[in-house]
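>>> Need coordinates for the below:
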Amino acid sequence: MRAASTERALGIGSVLIAAILWGTTGTAATFAPTVSSAAIGAVAMGIGGLLQALIAIKSIVNNGQYLREQWRCLLLGAIAVAIYPLAFYGSMRLAGVTIGTVVSIGSAPLLSALIEYRMDKSPLTLRWLTGAILGVVGMALLCIAESSGHTASEASSEALIGVGLGLLAGLTYALYSWSARRLMQRGIPSKAAMGATFGLGGILLMPVLFATGAPLLASWENAAVGAYMALVPMFLGYVCFGYGLARVQASTATAITLFEPVIAAVLAVIIVGERLPVLGWTGIGFIIACLLFITAPAKRTIGARKSAVG
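Just a heads-up that it's a prediction; the model follows:
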């Protein structure tokens, strides 16, 4: 029991580190305004995914037969990996850093839980639902606070498209998290599951990078942003995420990453110079409360009360 608790704590800590690293991407992208969101997404997840595959190549080869047996799940995860960064960075470019991050990351835990409920018949814990409600309220407050300074003309169709892309990003994030977790549950090591999923996704992103990535080489600053995005939040962040995903459910992992918009908002205030009103800080408080609920062990589940009492 103690060993399981320790493993779970390590998993939660690893996912939290990943969320902190991911929270820096929006601010980092502002230092390369001439680089398109497609290029930013392709270099970040594409190169980062290939690096994950490279360090996991031995494990991927050793588990090649098992990966081939689970090719449908692997392909689903890889396609989701390829779509996610394009939708995520597109959402931030059109709707703004905070709103894009809030919608993308905020929708993922709910979508992830629904995927697990539908595909794995996993019951939703009361504690998780409480935490999810707190997180959604926090996300909404943070989103309202961020958008309160914009005029009606700025809230144009571009912003609505950005929100739509954010929802697509949340769905694909939930899908590749579930897919990678499913591969691990089928006996494939975390390193091989994450390396194969993100490596194949990285390959799918290479045509996008070749078509849009020229501005990344236009200046040292653009190149530095691209290198940072690929190496730190995407490569190192997803190594931490994969370690955590092997130890906690996908819905729990995606819920913990609700901390990402908190980091994004704080960095936007400190580095970019954005102002966050009291309502925004209140939203951050709700998100922190959500994390406390999500990371605490749940003892009861919806639909399992009767069996627990009996």
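
>>> for residue 217, what are its contacts?
By Cβ atoms under 8 Å, 6 or more residues apart in numbering, residue 217 lies in contact with residue 223. Where you see a C-beta, it was placed from the backbone N, CA and C, and this is true even at glycine.

>>> separation between the residue nearest to residue 119 when sequence neighbours are not counted and residue 93?
The shortest distance from residue 119 to any residue other than its chain neighbours is 7.0 Å, reached at residue 178 (Cβ to Cβ, 6 or more residues apart in numbering). From residue 178 over to residue 93 the distance is 27 Å, taken as Cβ to Cβ, to the nearest Å.

>>> More neighbours: which of these two?
Using other Cβ atoms under 10 Å as the criterion, residue 178 and residue 93 rank with residue 178 on top: 27 against 21.

>>> Model confidence for the more buried one, exactly?
Confidence at residue 178, expressed as pLDDT, is 91.

>>> From what I see, it and residue 118 are in contact.
No - Residue 178 lies out of contact with residue 118 (Cβ atoms under 8 Å); the separation is 10.0 Å.

>>> and the helix or strand hosting the residue nearest to residue 119, how far out from the chain's middle?
Taking DSSP states H and E as the definition, one finds residue 178 inside helix 157-185. Here helix 157-185 is found 8 Å from its chain centre; the criterion is Cα atoms, centre = their mean, to the nearest Å.

>>> Stretch 257-275 too?
On Cα atoms, centre = their mean, the centre of stretch 257-275 falls 16 Å from the chain's centre.

>>> and it, average pLDDT?
Here the average pLDDT along stretch 257-275 is 77.

>>> got a list of contacts for that stretch?
Applying Cβ under 8 Å, 6+ apart, the external contacts of stretch 257-275 come out as 15-16, 18-20, 22-27, 30, 97-98, 101-102, 105-106, 108-109, 135, 138-139, 142, 146, 149, 241, 276, 280, 284, 287-288, 290-291, 294.

>>> for stretch 160-179, same thing?
So stretch 160-179 is contacted by 73-74, 76-78, 80-81, 83-84, 87-88, 90-96, 99-100, 102-109, 111-112, 115-116, 119, 197, 201, 245, 250, 253-254 (Cβ under 8 Å, 6+ apart).

>>> what helices or strands is the strand or helix carrying residue 60 leaning on?
Here residue 60 sits within helix 57-62, counting by DSSP H and E. Counting contacts by 3 or more Cβ pairs under 8 Å, 6 or more residues apart in numbering; DSSP states H and E, helix 57-62 is packed against helix 190-212.
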